[in-house]
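Colleague: Output the structure for:
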Amino acid sequence: MHAMAGLPLRHLCGYALGSRDRTGLLWRERTRVNKADLVDALEHRIGGKKAAADAIEAVFDVIIREVAAGGKVGITGFGTFERVDRAARTGRNPRTGESVRIESTAVPKFRPGTAFKMYVAEPETLPKSGPAAARAAAGTAAEVRSRAEATIRANKAKRKAGKNA
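Modeller: Numbers count the residues shown, from 1 in each chain. Below is the predicted model of the structure:
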């Protein structure tokens, strides 16, 4: 087992909380994790950089092929990838102001799952590390759903109170 296994992604990617990256931004201000960062994070869990890269590529390949064929890929607790068709429409050329016909096209769409939304809304509820800890901390789907629904209701109440004030 690698010495860094079980550390949060920010440590595996070479960024300690509050440290500065090569652009000079604090880690908290960093907005992206790229594929190489994902490979580095998985490398310590899977046991090799090549195996981690192959696993990520395989997951992406399956998702892309299924969505391109018109199917949906649903990952419980994470979200759903699907293909949606955008209707043809009339746009405007920003330089000339001329109307331009934009053809219909298919685009990928991602809808986050209930648990994912809950973790984004309440990051302190994230498990310490690892998929087993995540499953144990999340509880049953019904528990996750009820916590997420309670959070959604609370947020709606806050927004409503803000509008009435």
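
Colleague: going forward, measure contacts and count neighbours with C-alpha atoms only.
Modeller: Noted.

Colleague: buried ones in the helix or strand hosting residue 163?
Modeller: Assigned by DSSP states H and E, residue 163 falls within helix 141-164. Residues 144, 145, 147, 148, 151 are the ones in helix 141-164 that count as buried (16 or more other Cα atoms under 10 Å).

Colleague: and that helix, how far from the chain's centre?
Modeller: 21 Å (Cα atoms, centre = their mean, to the nearest Å).

Colleague: Contacts for that helix, please.
Modeller: Helix 141-164 has contacts (Cα atoms under 8 Å, 6 or more residues apart in numbering) with 114, 115, 117, 118, 121, 138.

Colleague: how about stretch 154-165 as CSV, C-alpha atoms only?
Modeller: What follows is stretch 154-165 as a C-alpha-only set of coordinates in CSV (Å, rounded to 0.1, in the frame of the first residue of the first chain):
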residue,chain,number,x,y,z
ALA,A,154,-34.3,24.5,4.0
ASN,A,155,-32.7,26.3,1.1
LYS,A,156,-36.1,27.1,-0.4
ALA,A,157,-37.3,28.4,2.9
LYS,A,158,-34.2,30.7,3.1
ARG,A,159,-34.7,32.0,-0.4
LYS,A,160,-38.4,32.6,0.3
ALA,A,161,-37.6,34.4,3.6
GLY,A,162,-35.0,36.5,1.7
LYS,A,163,-37.6,37.6,-0.9
ASN,A,164,-40.2,38.5,1.7
ALA,A,165,-37.8,40.6,3.7
